[in-house]
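> Provide a 3D model corresponding to the input given below.
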Amino acid sequence: MWMIPGQNQSWVSEFILLGFSSDPTTNSILFTVFLLIYLSAVMGNGLIIMLVCMDTQLHMPMYFFLCILSLLDMCYVTTTMPQMLVHLLADSQTIPFAGCWLQMYVFEALGITECTFFVVMAYDRYVAICHPLHYTVILNWELCIWLASGSCVCGFLSALLNTFFTMRLPYCGPNKVNHHFCEGPAVRSLACMDTHLIEMVDQILSVLMVLTPISLIVASYVHIAKAILKIKSTQARCKAFSTCASHLTVVTFFYGPASYIYMRPNSSYSPERDKKISLFTALLNPMVYSLRNKDIKRAFLKVIGQGKVDC
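Sure, this is the predicted structure:
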């Protein structure tokens with residue numbers, strides 16, 4: 001800590017991340033588990049990006065958006081995991097104040113970007129199912145780039161305001177964050193002032209950032225369901241549904257934990273529960289899309305030289 005000039009009060013210059021355990025044996029086990037999770041997430045998402053870039057048959061809006069989602073997931077997990085792995089084996093679990101600010105900002109920005117981007121992917125499915133003959137005309141490459149860029153701008157601008165106010169709070173000790181990374185509520189709980197108003201505003205914004213995308217996604221799938229029910233062929237109906245199943249699965253597993261963590265009252269906030277919940281989404285996405293999508297499997301088998309996949 002350092003002293004504020006002209007005042008008899010210390011100011012936090014670094015935070016200590018408590019992580020999951022203080023037992024060296026437990027930390028060694030956790031290091032192995034989380035290292036495998038991190039490598040699986042990076043390699044799984046990296047494989048999807050590579051396949052989409054290499055296979056010209058995947059050069060369409062749906063897989064362009066999937067490629068962007070995989071890139072977001074890689075960045076998302078890399079924001080917290082490498083530092084957590086180092087802290088599991090290191091004697092010191094400190095992070096500088098500026099490093100904490102940057103980690104909090106990037107984590108929130110990527111999270112909000114994904115929230116927005118799932119709406120874009122739902123719109124892609126809506127156009128593909130409800131307007132199949134005009135799919136490439138409506139979702140031209142210029143619009144796809146604008147939608148992807150707009151999601152990123154929305155995420156990074158929205159996170160900037162929230163992170164700015166959090167890190168402008170006075171932190172004069174203690175400096176132990178009960179989390180494995182600098183998460184907003186966990187850091188704010190250490191502020192040397194009443195943060196009730198900030199927490200209330202943050203919760204309102206969090207609810208809006210979760211409910212608004214969910215509402216738009218639900219609206220898209222209501223139209224999609226109506227369109228699918230009008231299809232007379234059972235085989236065509238199943239095929240139409242299967243193109244949406246992967247997206248629905250990932251959306252459910254993303255918004256489920258997000259709703260639990262950020263939409264409940266601040267009085268029920270529990271870092272012990274929350275820090276165990278937010279680890280696996282980035283690993284889930286490539287598993288869902290690679291296992292359920294025949295085009296991804298075909299592209300993978302083509303790359304490794306085993307020809308086409310029968311699905």
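> these two touch, right, Gln103 and Met84?
No. Counting by C-beta atoms under 8 Å, Gln103 sits too far from Met84 to count as a contact (10.6 Å). (C-beta placed from N, C-alpha, C; glycine too.)
> Quick check: neighbours shared by those two?
Shared contacts of Gln103 and Met84 (C-beta atoms under 8 Å, 6 or more residues apart in numbering): Phe181.
> who's in contact with the nearest residue to Phe20 once chain neighbours are set aside?
Distances taken as C-beta to C-beta, 6 or more residues apart in numbering put Leu30 closest to Phe20, at 5.8 Å, once the chain neighbours are dropped. By C-beta under 8 Å, 6+ apart, the contact list for Leu30 reads Phe20, Ser21, Leu88.
> Just name the closest of these to Ser259, please.
Phe20 (23.3 Å; C-beta to C-beta).
> Can you give me the distance of the residue nearest to Phe20 to Pro82?
14 Å (C-beta to C-beta, to the nearest Å).
> contacting residues for Leu35?
Applying C-beta under 8 Å, 6+ apart, the residues contacting Leu35 are Leu85.
> related to what we said a few turns ago, now the residue nearest to Phe20: phi and psi?
phi -60, psi -40 (degrees, to the nearest 10).
> and if you look at the one 10 residues further on?
The phi and psi torsions at Ser40 (degrees, to the nearest 10) take the values phi -60, psi -40.
> what comes up buried for stretch 126-146?
Using 16 or more other C-beta atoms under 10 Å as the test for burial, stretch 126-146 gives Tyr126, Val127, Ala128, Ile129, Cys130, Tyr135, Leu139, Cys144.
> Verify the stated contact: the third one with Ser242.
In other words, Ala128. No. Contact status for Ala128 versus Ser242: not in contact, 11.9 Å apart, counting by C-beta under 8 Å.
> Give me the contacts around stretch 230-242.
Contacts for stretch 230-242 (C-beta under 8 Å, 6+ apart): Ile129, Ala227, Ile228, Leu229, Arg292.
> Quick check: the fourth one vs Ala240, distance?
Leu229 sits 10 Å away from Ala240, taking C-beta to C-beta as the criterion.
> who's more crowded, the two?
Ala240 (18 against 8; other C-beta atoms under 10 Å).
> host element of that one?
Assigned by DSSP states H and E, Ala240 belongs to helix 234-262.
> for that helix, which positions count as buried?
Applying 16+ other C-beta under 10 Å to helix 234-262 flags 240, 243-244, 246-251, 254-255, 258, 261-262 as buried.
> so which of the residues you listed comes closest to Asp194?
For those, the nearest to Asp194 is Tyr262 (20.8 Å; C-beta to C-beta).
> Can you give me the pLDDT of that closest one?
Tyr262 carries a pLDDT value of 65.
> the strands in the protein, which residues?
Taking DSSP state E to define them, one finds strands in the chain at 2-3, 10-11, 14-17, 94-96, 176-177.
> hey, which of the ones you listed is tucked in deepest?
strand 14-17 (a mean of 20; mean count of other C-beta atoms under 10 Å).
> so what does that one touch, helix or strand wise?
Counting by 3 or more C-beta pairs under 8 Å, 6 or more residues apart in numbering; DSSP states H and E, the packing neighbours recorded for strand 14-17 are helix 61-89, strand 94-96, helix 97-130, strand 176-177.
> Within its sheet, name the partner strands of that strand and how each one runs.
Under the criterion DSSP bridges, strand 14-17 sits next to strand 94-96 (antiparallel), strand 176-177 (parallel) in its sheet.
> Those strands: which one's closest to Lys302?
Nearest of the strands paired with strand 14-17 to Lys302, taken as C-beta to C-beta: strand 94-96 at 43.6 Å.
> ok, the residue nearest the centre of the chain - contacts?
In the chain, the centroid-proximal residue (C-alpha atoms, centre = their mean) is Gly111; its distance is 4.3 Å. Taking C-beta under 8 Å, 6+ apart as the criterion, Gly111 is in contact with Tyr76, Gly155, Ala159, Ala258.
> Give me the buried entries from those residues.
Tyr76, Gly155, Ala159, Ala258.
> For the third one, give me the pLDDT.
The score at Ala159 is 89. That number is its pLDDT.
> Now do the contacts for it.
Tyr105, Glu108, Ala109, Gly111, Ile112.
> In terms of distance to Leu169, which of those residues ranks first?
The closest of the contacts of Ala159, once distances to Leu169 are taken by C-beta to C-beta, is Tyr105, at 14.6 Å.
> Report how many residues lie close to Gln103.
20.
> Find the nearest non-adjacent residue to it, please.
Cys182 (4.8 Å).
> That neighbour contacts Ile95, correct?
Yes. Shown here, Cys182 and Ile95 form a contact pair, counting by C-beta under 8 Å, at 6.6 Å.
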